[in-house]
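Enquirer: need a structure here:
(one chain, ligands or ions: 3)
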Amino acid sequence: MLVVEGRAYIDGRIEPRAIGIEDGTIVAIKKQLRGDPAYRYGDALILPGGIDVHVHFREPGMTHKEDFASGTESAAAGGVTTVVDMPNTNPPVSTPDALRQKLRIASRSAHVDFGLYASPTSGRDVESLREATAFKVYLAETTNAPVIPTFELAGGILAAVAGAGTYMSAHCEDPRLFGKGVATSLEEHHRVRSPRAEASAIAELGKHRGSAPLHIAHVTTQEALQAKPEGATCEVTPHHLLLDATAKLGPRGKVNPPLRSPQERTDLFQAVLDGRVEMFASDHAPHTVEEKSVRFEDAPAGMPGVATILPLMIRYVRRQVLPLERFVSMFSGNPAKLLGVNKGAIEVGRDADLVVVDPRKIQPVTAARCRYKCEWTPFDGAEGTFPTATFVRGELVSQEGELVAERVGRMITRKKP
Ligand code: NCD
Ligand code: ZN
Ligand code: ZN
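Expert: Numbers count the residues shown, from 1 in each chain. Ligands and ions are numbered 1, 2, ... in the order given. Coordinates of the predicted model:
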């Protein structure tokens, strides 16, 4: 039996515990256990591994930005043990062939567990794409995305997804409400693709929802949260919580939906503290330094982030702004519920996905520590606390950001109800 020892987060409490693992599953949790091997982390925290339901790993088609091996290495470096990859790759994951191709790629290269989104073009496509983990629709143009032109069509997809036993994630912005003209700065980008356009798309889609499982991607304002239909889930990104349109990031800060005003940003943070947001997700959307080194209007939207959710947000836990319980449920427990996987808690019978972190340790965020293939991060130089170790189903995958076991990732499956 393999044993991991430290101050473990179990049932909402932190206690010194030994976690016994066999065949990738937690089989015992005791004050002491004899293990071979035994990993002892003293008074560092052991938390359930992170689950990021929104990453763009760019393979196939755009592997100069990212690929499944590099993206999952970064995930592990940041304590993320499961990712769900978006379908706006090339070709887009809108056909069974494209889905199979991505599954082959991910299965042979992923260092952490993964799920795959498919993007049906109508409700009729859903059945043939049922091997996908979940479905995604884009209601407005964004980087390389297949757009669903009407809310009726999106509603039809949502109804079909309900029968497939999974959920539909939606990029919600209403292009009919976009301002005129081409944005040349972060503040203009925020005004053109306004909070109103975002909230309106959420409300419109809500009208077509029925009782189908809807998840709203990257919510940026309280207004958007208010528009969210009862029972739908949503995610926020650390960049919308920690950066705003006054940031001196130029084209690197260009992202959809845009970074908002300082007031909207702090209000969004408050909504997280009030428990109104189910989960963090990174919307890890890397582009190269070169691609971002052009005029604002020509730059692609998106920024990397899969490795910095825990490092940035755990600082707020350490400063007693964000309760540890809320952090863990948003980083791991709630996304596990959305996906219906046997993960997201340190509990006998669950997958042994664990992240070890010492919140007293502070390291600056750098692209190198994040292991980013794109070689930049919008949080460069910010205070972070990176994990000491990341375990995927009992395998030590990453140690101080160094990859120590390769290709252990598997496709996730829904627990039988
Ligand atoms: C994403 C991308 O680059 O794939 N870009 C972004 O600005 N967020 C697409 C998306 O999630 O909208
Ligand atoms: Zn999006
Ligand atoms: Zn995205």
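Enquirer: list the buried residues for stretch 204-220?
Expert: 204-206, 208-209, 212-220 (16 or more other CB atoms under 10 Å). For glycine as for every other residue, the C-beta is placed from the backbone atoms N, C-alpha and C.
Enquirer: adding distance to ligand 1 and pLDDT, write those out as TSV.
Expert: Putting these into TSV (distance: CB to the nearest ligand atom, whole Å; pLDDT from 0 to 100) gives the following:
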residue	distance to ligand 1	pLDDT
204	18	97
205	15	97
206	20	96
208	20	91
209	21	85
212	21	88
213	20	95
214	17	98
215	13	98
216	12	98
217	7	98
218	7	98
219	12	98
220	11	98
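Enquirer: which of these fall in strands?
Expert: 214-216 (DSSP state E).
Enquirer: run through the residues of the stretch 251-400 of the chain sitting next to ligand 1.
Expert: Within the stretch 251-400 of the chain, the positions near ligand 1 by CB under 6 Å from any ligand atom are 255-256, 283, 285, 301-302.
Enquirer: neighbour-wise, which of the residues you listed leads?
Expert: residue 285 (30 neighbours; other CB atoms under 10 Å).
Enquirer: what packs against the helix or strand containing residue 42?
Expert: According to DSSP states H and E, residue 42 maps onto strand 38-48. Packing contacts for strand 38-48, counted by 3 or more CB pairs under 8 Å, 6 or more residues apart in numbering; DSSP states H and E, involve strand 2-10, strand 13-22, strand 354-357.
Enquirer: between these, which one is nearest to residue 374?
Expert: strand 354-357 (23.0 Å; CB to CB).
Enquirer: and the closest one, what does it pack against?
Expert: Partner elements for strand 354-357 (3+ CB pairs under 8 Å, 6+ apart): strand 2-10, strand 38-48, helix 309-318, strand 389-392.
Enquirer: distance to residue 250 and mean pLDDT for the ones you listed - can I get that in CSV?
Expert: Converted to CSV, the helices and strands packed on strand 354-357 look like this (distance: least, CB to CB, whole Å; pLDDT from 0 to 100):
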stretch, distance to residue 250, mean pLDDT
strand 2-10, 39, 98
strand 38-48, 35, 98
helix 309-318, 21, 98
strand 389-392, 33, 99
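Enquirer: looking at these, which is buried most?
Expert: strand 389-392 (a mean of 28; mean count of other CB atoms under 10 Å).
Enquirer: identify the residues contacting the helix or strand of the chain with the lowest mean pLDDT?
Expert: Within the chain, no helix or strand scores below helix 151-163, which has a mean of 95 by mean pLDDT, DSSP states H and E. By CB atoms under 8 Å, 6 or more residues apart in numbering, the surrounding residues in contact with helix 151-163 are 120, 122-127, 134-135, 137, 139, 148, 167-168, 170, 201, 204-205, 207-214.
Enquirer: on that earlier part again, let me know the closest of the ones in strands among the buried residues of stretch 204-220 to residue 340.
Expert: Distances from residue 340 to those, taken by CB to CB, are shortest for residue 215, at 12.5 Å.
Enquirer: for that closest one, what are its contacts?
Expert: Counting by CB under 8 Å, 6+ apart, the residues that residue 215 touches are 53, 134, 167-170, 232-235, 338.
Enquirer: kindly report the same for residue 225.
Expert: Going by CB under 8 Å, 6+ apart, the list of residues near residue 225 reads 219, 234, 271, 276-277.
Enquirer: just those residues: which are in helices?
Expert: Secondary structure from DSSP state H places residue 271 of the contacts of residue 225 in helices.
Enquirer: who wins for most neighbours among the contacts of residue 225?
Expert: residue 219 (26 neighbours).
Enquirer: wait, isn't that one in contact with residue 232?
Expert: No - applying CB atoms under 8 Å, one finds residue 219 not in contact with residue 232, separated by 10.3 Å.
Enquirer: out of the helices and strands packed on strand 38-48, flag the one nearest residue 74.
Expert: When these are compared (using CB to CB), the closest one is strand 354-357, at 14.0 Å.
Enquirer: next helix or strand past that closest one?
Expert: By DSSP H and E, the next helix or strand past strand 354-357 is strand 363-364.
Enquirer: note down every partner strand of the helix or strand following that following strand and its orientation.
Expert: Moving toward the C-terminus from strand 363-364, the next helix or strand (DSSP H and E) is strand 383-384. Strand 383-384 has the following strand partners under DSSP bridges: strand 363-364 (antiparallel).
Enquirer: now the strand it pairs with: mean pLDDT?
Expert: Averaged across strand 363-364, pLDDT comes to 97.
Enquirer: roughly how far is that strand from the heart of the chain?
Expert: 22 Å (CA atoms, centre = their mean, to the nearest Å).
Enquirer: same thing with stretch 84-96?
Expert: 16 Å.
Enquirer: can you check stretch 73-83 too?
Expert: 10 Å.
Enquirer: C-alpha coordinates for it, PDB please?
Expert: C-alpha atoms of stretch 73-83 as PDB (Å, rounded to 0.1, in the frame of the first residue of the first chain):
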ATOM      1  CA  GLU A  73       2.200  19.000 -17.500                       C
ATOM      2  CA  SER A  74       1.200  22.600 -16.600                       C
ATOM      3  CA  ALA A  75      -2.000  21.300 -15.000                       C
ATOM      4  CA  ALA A  76       0.000  19.000 -12.800                       C
ATOM      5  CA  ALA A  77       2.400  21.800 -11.900                       C
ATOM      6  CA  GLY A  78      -0.500  23.800 -10.600                       C
ATOM      7  CA  GLY A  79      -2.200  21.000  -8.700                       C
ATOM      8  CA  VAL A  80      -4.900  20.200 -11.300                       C
ATOM      9  CA  THR A  81      -5.400  16.400 -11.700                       C
ATOM     10  CA  THR A  82      -8.400  16.500 -14.100                       C
ATOM     11  CA  VAL A  83      -9.000  18.800 -17.100                       C
END
